[in-house]
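Engineer: Build me a model from this:
(one chain, ligands or ions: 1)
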Amino acid sequence: MGDHFTRPEHGIIPALRWEEPPEGPVLVLLDQTRLPHEEVELVCTDVQALVGAIRSLAVRGAPLLGLAGAYGIALAAARGYDVEEAADLLAHARPTAVNLEYGVRRALRAYRQAAPEQAASAALTEARAVHVEDAAASRAMAEHGGHLLAELVTGGGYRILTHCNTGALVSGGEGTAFAVVLAAHRSGELRRLWVDETRPLLQGARLTAYEAARAGMPYTLLADNAAGSLFSAGEVDAVLVGADRIAADGATANKVGTYPLAVLARHHHVPFIVVAPTTTVDLTTPDGASIEVEQRSGSEVTDLAPSPLGTQAYNPAFDVTPPDLITAIVTENGVVSPVTAGGLAAVCG
Ligand SMILES: CSC[C@H]1O[C@H](OP(=O)(O)O)[C@H](O)[C@@H]1O
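Structural biologist: Take a look at the predicted model:
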């Protein structure tokens, strides 16, 4: 795919954009299942196509799912589809990231509150507001996260371990945890970014490595199982991860493999930092046990090249880290540390 538009400064093609060609409005998605080898865009003209892209992780990552949900309502309204039906399909496309239902709710409320002849326009305006707010949140989290790292890590430069993918591919801006890492890199404070491959879908190996390379970062990919030896060797100064849903008590759902990192970090006295916008905090979900963890097909685990293994497999897409293992949660409104229900409610207020 040629660059028919100028790439943003961070070099990553927009993960999602709204376009209005003569034949009608469309939602253009960078197909993340094809990265890093191919930059292919999916042009969604209906909600079913968008739901399929969400379920296949062609579009993924909590904050970006919020944008997809909101623009999905705008697309349904602009093309005269049943908006209420679209809202139900979109909100239930994936269960764990609260941002998806948040984005749907924002655009749906704007649509319902507008006069019929302005409803489609109102939904699009709200989707664009969600987009702009997420980009601003990303910038603010990068700043708050940078101050926190400066407090927690002394001695010259940061060696940061991250899991899954939390950059521009999950955001209206430069991401969540990755935006903090990017800011550290730009200020010359990043010694090393350790990138967990993040089995089974390899968001780290395929997406974070792609983003780190484009940013010119000093990064090294590792098998998820190798993280423990890095901690043991004293090679990790901090762990920075994203989130898909943060419960009212601070329990955090994130890509599977996050919880073991939190346990390792605690054992090795390494700060474990969650970076997430307040749109990822769900104060109506009381605790980690109440978070629905998406169970995906075992084939994602077993269908390895060059041939499927032909066996059953357990494949939760996320796990939940309890608040007592989290050093801090960085949001656009500030840092919660220690992680308490009161502290979380205060930044979401
Ligand atoms: C900060 S949002 C990125 C978040 O979403 C990822 O999940 P998925 O790739 O399944 O959408 C992962 O949990 C990341 O931390």
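
Engineer: phi, psi of the residue in the stretch 101-250 of the chain positioned nearest to the ligand?
Structural biologist: Nearest residue of the stretch 101-250 of the chain to the ligand, counting by C-beta to the nearest ligand atom: residue 242, 2.6 Å away. In short, each C-beta sits where N, CA and C put it, glycine included. Residue 242 adopts backbone torsions of phi -90, psi -160, taken as degrees, to the nearest 10.

Engineer: now swap in residue 141 and tell me
Structural biologist: Torsion angles, degrees, to the nearest 10, at residue 141: phi -70, psi -40.

Engineer: With residue 336 instead?
Structural biologist: For residue 336, the backbone dihedrals (degrees, to the nearest 10) come out as phi -100, psi 110.

Engineer: for it, what are its contacts?
Structural biologist: Shown in contact with residue 336 (C-beta atoms under 8 Å, 6 or more residues apart in numbering): 250, 328-329, 343-344, 346-347.

Engineer: what's across from it in the sheet?
Structural biologist: Taking DSSP bridges as the rule, residue 336 bridges to residue 329.

Engineer: tell me the pLDDT at it?
Structural biologist: For residue 336, the pLDDT comes out at 98.

Engineer: care to break this protein down by domain?
Structural biologist: Segmentation of the chain into domains, based on automatic domain parsing, reads 4-133, 140-348.

Engineer: Cross-check the contact I'm expecting between the residue of the stretch 101-250 of the chain closest to the ligand and residue 252.
Structural biologist: No. At 9.3 Å, residue 242 does not count as touching residue 252 under the criterion of C-beta atoms under 8 Å.

Engineer: Name the residues contacting each of the two.
Structural biologist: In contact with both residue 242 and residue 252: 274, 276, using C-beta under 8 Å, 6+ apart.

Engineer: where's residue 170 relative to residue 303, distance?
Structural biologist: Distance from residue 170 to residue 303, counting by C-beta to C-beta, to the nearest Å: 24 Å.

Engineer: The two: who's more crowded?
Structural biologist: In this view residue 170 and residue 303 are compared by other C-beta atoms under 10 Å, and residue 170 has more residues nearby, 35 against 14.

Engineer: Contact partners for the residue nearest to the more buried one when sequence neighbours are not counted?
Structural biologist: Spatial nearest neighbour of residue 170, chain neighbours left out: residue 61 (2.4 Å); criterion: C-beta to C-beta, 6 or more residues apart in numbering. Residue 61 makes contacts with 15, 97, 165-166, 169-171, 242, as judged by C-beta under 8 Å, 6+ apart.
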